[in-house]
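> With the sequence up front, the predicted model follows.
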Amino acid sequence: MPKIPRIIIYVLMIGGCFALIPPLVFARMRATPSPNAPIHIFWDMDLQPKYKTQTPNPLFADQRSMRPLVQGAVARGESYVDTHLYEGVVNGQWATTLPASISLDETTLNRGQQRFNIYCSACHGYAGFGDGAVNQRAMELVANANGPVNGTQWVAAKSLHDDTTRNQPMGQLFNTVTHGIRNMAGYGSQISVPDRWAVVAYVKALQFSQDAGSAGAQVAGASN
Amino acid sequence: MSRFLFPRWSNALLPFVLIVGAIAPLYVSLLVAYGFSPKTLDGQYQPEQPVPYSHALHVGKLGLDCRYCHNTVETASHAAVPPTQTCMNCHTQIHKDSPRLAPVRESYETGMPIEWIKVHKLGDYAYFNHAAHVTRGVSCVECHGRVDQMEVVHRAQPLAMGWCLDCHRNPVDHVRPPEEVFAIWKPTDTWTKDERLELIKKNNIHPNEYCSTCHR
């Protein structure tokens, strides 16, 4: 039988190699992060002319489809008449108790601990000594040998066990959580009102745990 | 016009042609199935964001909880991308002159939103509810991967319907105690299969496959 010409064999071999390229390309697309937008072959109704949460809307100058509240708008059910609940103020003085709608029980304290660990511990530390990871990093950035990195300025986060902070009434703590103080930003928009009171209750418990003294020890002993 | 005759050597190719002819349809169908799968087409989408925010630093190193920024996730269907104010809680002081934070400062001053690019986008006909999942014990990591290790966020899972159904049909490999949902560094097999089966019973997890569950 006559020999197959070399050229035909080469063409077939090269063709076989080319057949490996598409699977390799697909395998790479699967395995490596890529800035290319996902490829849509079947569009179906993937992109509908409607606006969902946090989608942009070109009709407005700021592109927000979720419109910011008009100044002074009050949502239904949030009349802010109860100054104890919303501002921590009773008769012009900082409240020293929780509002009537917040009960001091294990559920509230657990919730307060959870929220404290999410929002407060970053700077104040899990035990409230002002030694959170963000605080530590900020201190490192300030102490950099070539001067503070990118103009970082930082006043060490407060220990919640200082005499001044420990003696603050609950209403004042609530106000600080809500509106912030000095360099601390307010967390009113991030933490709901009942959760802020839960945080305050938990902070009070934390403070008590570090300042139980003999009276506290007796209470603890009595409950055992 | 003379008749075309295959050269004699072509007889030697005949078995080869038959084999290729048999394999080719298989090759093409496998290629389409593999290549047109959402796992390939959606890939690991990793857009460049207007601010090079690093989850690896903020979550992995500094230990910020997911909810510090995405604070609607437990109560709303949508896990909010945080407002500029959340960035500025710290960045009014930390790295306050960094050129990389310029868009954040500009947004803070002008009130115009930062145009973050959505990475995990579902079809507009799919209504995924974050709160329903995270409060019942489906961790962030099941869909978003180890975000705490990502310098730049990319898609870790295809987010395709078949992939959703895999879990809806067999949730046992993807549940954990609800209080551990945000501990994304803990693998799901931290809890034994028996413990997870118990959780499914205890938390009444019965994901269904009705069309209207996700398409409304």
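That came in fine, so what should we check first?

> Strands of chain B, residue ranges please.
In chain B, the segments counted as strands under DSSP state E are B:44-45.

> repeat for chain A
Counting by DSSP E, the segments of chain A that form strands are A:33-34, A:89-90, A:93-94.

> Go ahead and confirm B:L101 touches B:T92.
No - with contacts counted by Cβ atoms under 8 Å, B:L101 stays clear of B:T92, the gap being 10.4 Å. C-betas here are computed from N, CA, C, even on glycine.

> Could you find the closest non-adjacent residue to B:F128?
Spatially, and ignoring its direct neighbours in sequence, B:F128 is nearest to B:L122 (5.8 Å; Cβ to Cβ, 6 or more residues apart in numbering or on different chains).

> Go ahead and confirm that neighbour touches B:H130.
No - contact criterion Cβ under 8 Å: B:L122 and B:H130 do not qualify, at 11.6 Å.

> out of these two, which sits in the more crowded spot?
Neighbours around B:L122 and B:H130, counted as other Cβ atoms under 10 Å in any protein chain shown, are more numerous at B:H130. The numbers are 20 against 16.

> which residues touch the more buried one?
Applying Cβ atoms under 8 Å, 6 or more residues apart in numbering or on different chains, we find B:H130 in contact with B:T72, B:V73, B:E74, B:A76, B:S77, B:H78, B:A79.

> cutoff 10 Å now
For B:H130, the contact set (Cβ atoms under 10 Å, 6 or more residues apart in numbering or on different chains) comprises B:70, B:72-80, B:138, B:140, B:143.

> And the pLDDT at it?
With respect to pLDDT, B:H130 has a value of 94.

> picking up where we left off before, and for B:L101 and B:T92, which residues touch both?
Common contact partners of B:L101 and B:T92 (Cβ under 10 Å, 6+ apart): B:Y108.

> Look at these two and report which has more neighbours.
Neighbours were counted for B:L101 and for B:T92 using other Cβ under 10 Å; B:L101 has more, 20 against 13.

> Would you mind confirming that the more buried one is in contact with A:T152?
No - judged on Cβ atoms under 10 Å, B:L101 makes no contact with A:T152 at a distance of 11.3 Å.

> gap between the two ends of stretch B:133-149?
22 Å (Cα to Cα, to the nearest Å).

> tell me which residues in that stretch are buried?
The neighbour-count check on stretch B:133-149 (16 or more other Cβ atoms under 10 Å in any protein chain shown) flags B:133-134, B:136-148 as buried.

> anything in it near chain A?
No - using Cβ under 10 Å from any Cβ of the partner chain, stretch B:133-149 stays clear of chain A, with a minimum separation of 10.7 Å.

> how near is the residue nearest to B:F128 to A:R28?
For B:L122, the distance to A:R28 equals 25 Å [Cβ to Cβ, to the nearest Å].

> Show me where the chain has its helices.
If you meant another chain, say so; for now it's chain A. For chain A, the helices defined by DSSP state H occupy A:6-18, A:21-31, A:83-87, A:106-115, A:121-124, A:133-142, A:163-166, A:170-179, A:193-210, A:213-223.

> um, chain B though
B:10-35, B:38-41, B:55, B:66-69, B:84-91, B:102-110, B:130-134, B:140-144, B:161-169, B:193-202, B:211-214.

> and of those helices, who's closest to A:E78?
Nearest of the helices of chain B to A:E78, taken as Cβ to Cβ: helix B:84-91 at 19.7 Å.

> Report the angle between the closest one and helix B:102-110.
On the basis of axes from the mean of the first three to the mean of the last three Cα atoms, to 10 degrees, helix B:84-91 is oriented at 110 degrees to helix B:102-110.

> helices and strands around helix B:84-91, which ones?
Counting contacts by 3 or more Cβ pairs under 10 Å, 6 or more residues apart in numbering or on different chains; DSSP states H and E, helix B:84-91 packs against helix A:121-124, helix A:133-142, helix B:66-69, helix B:102-110.

> try it again with 7 Å
Applying 3 or more Cβ pairs under 7 Å, 6 or more residues apart in numbering or on different chains; DSSP states H and E, one finds that helix B:84-91 contacts helix B:102-110.

> neighbours around the residue lying closest to A:Q153 once chain neighbours are set aside, how many?
Spatial nearest neighbour of A:Q153, excluding adjacent residues (Cβ to Cβ, 6+ apart): B:Q93 at 5.1 Å. Summarising burial for B:Q93: neighbours were counted as other Cβ under 10 Å, giving 19.

> got it, and the one 4 residues further on?
B:D97 has 13 neighbouring residues, counting by other Cβ under 10 Å.

> That one touches A:V149, doesn't it?
No - using Cβ atoms under 7 Å, B:D97 is not in contact with A:V149; the gap is 9.2 Å.

> pretty sure A:G151 is touching B:I94, no?
No - using Cβ under 7 Å, A:G151 and B:I94 do not qualify as a contacting pair, with a distance of 9.5 Å.

> Same drill for the two, tell me which one is more crowded.
Neighbours were counted for A:G151 and for B:I94 using other Cβ under 10 Å; B:I94 has more, 22 against 13.

> May I have the predicted confidence score for that one?
Looking at B:I94, its pLDDT stands at 88.
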